[in-house]
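Enquirer: fold the following for me, if possible:
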Amino acid sequence: MIDLGQIWFVLIGVLLVGYAVLDGFDLGVGMLSPILGRSSAQRGLLMETIGPVWDGNEVWLLTLGGALFAAFPIVYATVFSGFYLALMLLLFALILRAVAMEFRHHIEDPRWLRFWDAAWWLGSFLPALLLGVAIGNIARGLPLTGGVYTQGLLGLLNPLSLCVGLLAVAMFAMQGASWVVLRTDGELAASARRVGRVAWIGFVVLWLVVTAVAVIDAPDLWANYGNPLAWIAPLLFVAAIALTGYALWSRHDRLPILGSSLSIAALVAILGQALYPTIVPDRTAGADITISNAASSDLSLTAMLVITLIGVPIVLVYTGFVYSRFTHKVGPPTG
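Expert: Okay, here's the model as predicted:
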């Protein structure tokens, strides 16, 4: 018999990968804008590289939240209520980023441009950090009382989650630099390649740090690695991150974003198989929220699956069409 809960566990992971890969380079470009954009014109060019796609990429996050609500409502209720202040801060940052990108070009005044450039950076950095901290807390497990997290925002700030937050920042910076390499040329692309190398080194170092801290603080994450098949995702991750490093130190334009995207996908797969079959571990009473005790009814999961099988191929075709039109090199305006 097909376990619909397990299917939706995998689909939630797919949506997380989609968001991290696509909106990841949007966040990365925004975070790197003060470093790569030495002038207002260069920062405008950086914004142009993501201008046609950034708002569509955010839809993956909305879809992820909706799917989580419908497929695993207990997880949705626990996480969204426990992370309430952090999520409000995340939403504020995403709104700030959107407003900055829409308002920046309305007035050609240096002070106006500097203000919205700073808002763009903040609206890109905060989501990357907060999402990483949230993922780190879920991986580590939450202290739940009757299935409810009650320790507030400060309770989410622990060594493992903060390290994962910094790892997410480095990961999105690497993804953003790879995107700029793909979409620009000349000195801007060369600068992005150099910054991407630094981000790559930071990402590898932080991954090793997170792994070491997780061994001590979240030993249950290693329970599934007794199965030899569980090592496929880590091996793929090592291969993908090696490919990214090779691409950033060579003259390839498309390989960096490909390798970086594969690294993100493999990292999410590592997290998923480390948690399975748990979704939110309980650090206190051991009453973990699992696939079996958190899933919606089979009727709900079946209806959602039918809609997904119809809608997702359409979305993927449309997304592929959009990116086939907006991966060319961009340059400064000539008019």
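
Enquirer: which stretches of the protein have low pLDDT?
Expert: For the chain, applying pLDDT under 70 flags the ranges 1, 332-335.

Enquirer: what ranges does it have for its helices?
Expert: Per DSSP state H, the chain carries helices over the ranges 4-36, 40-50, 54-71, 73-82, 84-103, 110-140, 159-183, 186-217, 232-248, 255-275, 291-294, 298-325.

Enquirer: work out the gap between the second one and the centre of the chain.
Expert: Mean-position distance between helix 40-50 and its chain equals 22 Å (C-alpha atoms, centre = their mean, to the nearest Å).

Enquirer: can you give the contact residues for it?
Expert: 25-26, 29, 32-33, 36-37, 101, 104-105, 110, 113-114, 117, 120, 179-180, 183-184, 188, 330-332 (C-beta atoms under 8 Å, 6 or more residues apart in numbering). In this view, the C-beta of every residue, glycine as well, is placed from N, C-alpha and C.

Enquirer: quick one on the thing from earlier: of the helices of the chain, which is nearest Gly152?
Expert: For these, the distance to Gly152 is smallest for helix 84-103, at 7.3 Å, taking C-beta to C-beta.

Enquirer: same for the closest one, what does it pack against?
Expert: For helix 84-103, the contact count by 3 or more C-beta pairs under 8 Å, 6 or more residues apart in numbering; DSSP states H and E identifies helix 54-71, helix 110-140 as packing neighbours.

Enquirer: can you redo these as JSON lines with distance to Tyr246 and mean neighbour count?
Expert: Listed next are the helices and strands packed on helix 84-103 as JSON lines, based on distance: least, C-beta to C-beta, whole Å; neighbours: other C-beta atoms under 10 Å:
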{"stretch": "helix 54-71", "distance to Tyr246": "26", "mean neighbour count": "17"}
{"stretch": "helix 110-140", "distance to Tyr246": "25", "mean neighbour count": "21"}
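
Enquirer: as a markdown table, these with distance to Thr290 would be great.
Expert: As requested, the helices and strands packed on helix 84-103 are exported to a markdown table (distance: least, C-beta to C-beta, whole Å):
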| stretch | distance to Thr290 |
| --- | --- |
| helix 54-71 | 13 |
| helix 110-140 | 13 |
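
Enquirer: can you give me the end-to-end span of stretch 97-116?
Expert: 9 Å (C-alpha to C-alpha, to the nearest Å).

Enquirer: what sits up against it?
Expert: Outside stretch 97-116, the residues that touch it by C-beta under 8 Å, 6+ apart are 30, 40, 43-44, 47, 51, 54-55, 117, 119-120, 123-124, 127.

Enquirer: just give me how far it sits from the chain centre.
Expert: Average the C-alpha atoms of stretch 97-116, do the same for its chain, and the two points are 25 Å apart (C-alpha atoms, centre = their mean).

Enquirer: now do stretch 220-232
Expert: When distances are taken as C-alpha atoms, centre = their mean, stretch 220-232 is centred 23 Å away from the chain's centroid.

Enquirer: give me whichever of the helices of the chain is most buried.
Expert: Among those, helix 159-183 has the highest mean neighbour count (mean count of other C-beta atoms under 10 Å), at a mean of 26.

Enquirer: that one packs against which elements?
Expert: Using 3+ C-beta pairs under 8 Å, 6+ apart, helix 159-183 is in contact with helix 4-36, helix 40-50, helix 110-140, helix 186-217, helix 232-248, helix 255-275.

Enquirer: turn those helices into JSON lines, columns for distance to Ala168.
Expert: As requested, the helices and strands packed on helix 159-183 are exported to JSON lines (distance: least, C-beta to C-beta, whole Å):
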{"stretch": "helix 4-36", "distance to Ala168": "8"}
{"stretch": "helix 40-50", "distance to Ala168": "18"}
{"stretch": "helix 110-140", "distance to Ala168": "3"}
{"stretch": "helix 186-217", "distance to Ala168": "9"}
{"stretch": "helix 232-248", "distance to Ala168": "15"}
{"stretch": "helix 255-275", "distance to Ala168": "10"}
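
Enquirer: right, so of those helices, which gets closest to Val306?
Expert: Val306 lies closest to helix 4-36 among the helices and strands packed on helix 159-183, at 11.2 Å (C-beta to C-beta).
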